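>>> sequence and predicted model, in that order:
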Amino acid sequence: MAKKPAAKKAPATKTAPAAAVAHDDPDFVLHSLQEEFNAAKRFDASEDQLLEFYRQMLLIRRFEEKAGQLYGLGLIGGFCHLYIGQEAVAIGLQSALDGDKDSVITGYRDHGHMLAYGIDPKVIMAELTGREAGISKGKGGSMHMFSTEHKFYGGHGIVGAQVALGGGLALAHQYNDDGGLCLAYFGDGAANQGQVYETFNMAALWNLPIVFVVEDNQYAMGTASKRSSAETRFHRRGTAFRIPGMDVNGMDVLEVRAAAEVAFKHVRDGKGPVLMELNTYRYRGHSMSDPAKYRTRDEVQDQRDNHDPIERVKKALIEGGKSEEDLKAIDKEIRKIVAESADFAENSPEPGVGELYTDVLVEEY
């Protein structure tokens with residue numbers, strides 16, 4: 001016997017989250033957001049906005065290059081996962097957030113996301129080098145940075161774990177009725193973790209204000225997506241949970257920003273979660289210890305030559321009237337900021353012995 005259409009449920013309350021949509025709602029269309037996005041795929045940025053996107057992406061690029069140098073010198077220990085090539089994702093998405101309300105959580109490739117928030121490069125570099133002046137007092141390092149002030153909740157080393165925590169952040173936004181949403185990043189490797197789909201199910205069932213973002217850089221920790229994933233179109237992964245998906249060119253900051261406008265509005269309008277697939281590419285290995293022998297140099301060079309997100313914006317700025325000299329001046333300014341952050345980190349003391357006992361265990365429950 002066929003199921004009868006379910007009646008639409010009341011909006012979520014603090015005590016009883018509601019389903020995102022009626023389970024048999026004939027008007028629910030999984031591809032509706034993609035169609036809306038396809039109708040206007042590029043954000044109409046002003047000259048000032050475009051210049052700021054360029055500046056922010058260049059800061060991430062130069063910062064990460066310097067981090068790679070410091071790692072090679074032994075000043076950064078442990079793991080170090082660089083964001084070079086993926087800059088348009090963090091800048092395009094986070095530029096559309098409400099900094100007073102929204103929260104962000106990500107995996108261990110997190111330096112770029114913190115810089116996208118406008119956090120001081122000095123305290124980020126100090127954290128990378130394990131110094132007391134670091135944003136997590138030198139105890140988090142590259143993989144575990146955190147800032148409650150900016151509603152940035154890490155930096156997590158367990159693959160996919162941040163997605164479930166992001167669901168909790170979204171539930172807090174809903175419970176507190178603060179108007180915020182959670183932006184939860186994860187990679188194509190984490191896309192096969194079971195806890196990701198448990199979170200999809202709960203987020204859809206409870207109509208949580210969350211945007212799931214797959215940063216698909218194509219190789220996870222070193223295995224091509226096509227060898228490890230039966231479904232490589234990751235924006236389709238939410239279909240079973242009635243979560244609309246969006247397929248986005250993550251190498252174009254204007255396309256990312258346009259997609260963010262569509263996705264964030266959907267969530268803020270109380271229509272439930274969205275799954276975004278940001279197709280991007282990392283130029284370096286998974287981490288600094290990865291020689292990346294699973295791909296060719298020609299492939300990487302092709303990405304740099306034909307798809308680089310910073311060069312794309314640089315070209316648009318020049319076409320809009322900016323000179324090469326103007327952009328070189330910005331690059332010089334950014335390099336100075338990054339050099340100062342490295343000097344600050346190198347000259348900052350390591351944490352004192354007493355820091356071993358702080359921020360580790362809450363003594364009262």
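Yep, that arrived.
>>> quick one: buried residues of the helix or strand of the chain with the lowest mean pLDDT?
Across the helices and strands of the chain, the lowest-confidence element by mean pLDDT, DSSP states H and E is helix 225-228, at a mean of 90. Across helix 225-228, burial judged by 16 or more other C-beta atoms under 10 Å covers 225, 228. C-beta coordinates here come from the backbone N, C-alpha and C atoms, glycine included.
>>> so how far is the next helix or strand after it from its chain's centroid?
Counting by DSSP states H and E, the element after helix 225-228 in chain order, helix or strand, is strand 245-249. Mean C-alpha position of strand 245-249 versus that of the full chain (C-alpha atoms, centre = their mean, to the nearest Å) differs by 14 Å.
>>> what would the next helix-or-strand element following strand 245-249 look like as PDB? C-alpha coordinates only.
Under the assignment DSSP H and E, the closest C-terminal helix or strand after strand 245-249 is helix 253-268. Provided in PDB are the C-alpha atoms of helix 253-268 (Å, rounded to 0.1, in the frame of the first residue of the first chain):
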ATOM      1  CA  VAL A 253      36.300  32.700  -5.800                       C
ATOM      2  CA  LEU A 254      33.500  34.600  -7.500                       C
ATOM      3  CA  GLU A 255      31.700  31.300  -8.200                       C
ATOM      4  CA  VAL A 256      32.200  30.100  -4.700                       C
ATOM      5  CA  ARG A 257      30.800  33.400  -3.300                       C
ATOM      6  CA  ALA A 258      27.800  33.200  -5.600                       C
ATOM      7  CA  ALA A 259      27.100  29.600  -4.400                       C
ATOM      8  CA  ALA A 260      27.500  30.700  -0.800                       C
ATOM      9  CA  GLU A 261      24.800  33.300  -1.300                       C
ATOM     10  CA  VAL A 262      22.400  30.700  -2.500                       C
ATOM     11  CA  ALA A 263      23.200  28.100   0.100                       C
ATOM     12  CA  PHE A 264      23.300  30.400   3.100                       C
ATOM     13  CA  LYS A 265      20.000  32.000   2.200                       C
ATOM     14  CA  HIS A 266      18.400  28.500   2.000                       C
ATOM     15  CA  VAL A 267      19.600  27.700   5.500                       C
ATOM     16  CA  ARG A 268      18.700  31.000   7.000                       C
END
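>>> coming back round to it: who's in contact with the least confident helix or strand of the chain?
Outside helix 225-228, the residues that touch it by C-beta atoms under 8 Å, 6 or more residues apart in numbering are 188-189, 192, 216, 218-220, 232.
>>> what about the residues you listed, which are in strands?
Of the positions in the contacts of helix 225-228, D216 sit in strands, assigned by DSSP state E.
>>> nearest to R42, of the contacts of helix 225-228?
Closest approach between the contacts of helix 225-228 and R42, by C-beta to C-beta: D216, at 20.0 Å.
>>> so how far is V353 from that closest one?
43 Å (C-beta to C-beta, to the nearest Å).
>>> determine how far the least confident helix or strand of the chain lies from the middle of the whole chain.
The answer for helix 225-228 is 22 Å, by C-alpha atoms, centre = their mean.
>>> can you check stretch 240-249 too?
Put simply, stretch 240-249 sits 16 Å off its chain's centre (C-alpha atoms, centre = their mean).
>>> can you name the residues that contact F344?
Residues near F344 by C-beta under 8 Å, 6+ apart: 122, 125-126, 133.
>>> try V29
Going by C-beta under 8 Å, 6+ apart, the list of residues near V29 reads P244.
>>> now do the strands in the stretch 251-365 of the chain.
In the stretch 251-365 of the chain, strands defined by DSSP state E, counting those that start in this stretch lie at 274-279, listed in chain order.
>>> now swap in the stretch 101-250 of the chain and tell me
Assigned by DSSP E, counting those that start in this stretch, the stretch 101-250 of the chain shows strands spanning 103-105, 182-187, 210-216, 245-249.
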